[in-house]
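**Q** Fold the following.
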Amino acid sequence: MSTVREARTDLHWEPPQRAHREQVAGIVQAAGVFRPDEVDVALEVFDGFCDAPGKDYWAVGALSESDGLAGFALYGPTPCTVDTWDLYWIAVHPSFHGSGVGRGLMERAESHMRSAGARMCAIETSSREDYAATRHFYVACGYEEVAQIADFYDDGDDRVTYTKRFK
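**A** Next up is the predicted model:
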């Protein structure tokens, strides 16, 4: 079990910029759980945000003056739904784990979703053991596991879906 570090006070929160693309890739790779094609998808969503912020995707980043991008969240309205949003990616560089960066990203993303009229946020993730901390994080942020699809990502790798209702 990881220990909780003191919350970082040198962070500022703003949308990441195209110049952060390499750092986004580095954060996703440093997580150590994503296949190369998943890193590509994260960058595709990030590029979509950079090309047209707020069209399909929104983003928030945690930036440190000394360390650059510490983490990011990418989210947006879910197509073909009424006021449901998806959290597509939330990732924090391992050197910032336990410092409140993930919680800060989640709070800011949710605040924006609410102000944009979202009634619900949905998140999907893996059932693999190396995702246990991720699933625990979602529950700690008030999300409820609502579905699991066996062998969705691969044999033995289920899709676990979490939701949180805002209204």
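**Q** how about the helix or strand encompassing V28: buried residues?
**A** Following DSSP states H and E, one finds V28 within helix 21-30. Buried residues in helix 21-30, counting neighbours by 16 or more other Cβ atoms under 10 Å, are found at 23-24, 26-28. From N, CA and C alone the C-beta is placed, and that goes for glycine too.
**Q** what is the rounded mean pLDDT of that helix?
**A** Mean per-residue pLDDT for helix 21-30: 97.
**Q** Then stretch 115-126?
**A** 98.
**Q** Quick check, central residue of this protein?
**A** In the chain, the centroid-proximal residue (Cα atoms, centre = their mean) is I90; its distance is 1.4 Å.
**Q** what sits opposite the closest residue to it other than its chain neighbours in the beta ladder?
**A** Closest residue to I90 apart from its sequence neighbours, by Cβ to Cβ, 6 or more residues apart in numbering: A73 at 4.3 Å. Here A73 sits in beta bridges with V60, I90, as judged by DSSP bridges.
**Q** on that earlier part again, helices or strands next to the helix holding V28 in the packing?
**A** Here helix 21-30 touches helix 36-51, strand 68-77, strand 84-92, going by 3 or more Cβ pairs under 8 Å, 6 or more residues apart in numbering; DSSP states H and E.
**Q** and the longest one, which residues are buried?
**A** Along helix 36-51, these residues count as buried under the neighbour rule (16+ other Cβ under 10 Å): 38-39, 42-43, 45-46, 48-50.
**Q** low pLDDT regions in this structure?
**A** Low-confidence segments of the chain (pLDDT under 70): 1-9.
**Q** helix, strand or coil for the spatially closest residue to V33 that is not a sequence neighbour?
**A** Nearest non-adjacent residue to V33, counting by Cβ to Cβ, 6+ apart: D130, 5.0 Å away. Secondary structure, DSSP: H, G, I helix; E, B strand; the rest coil: D130 is helix.
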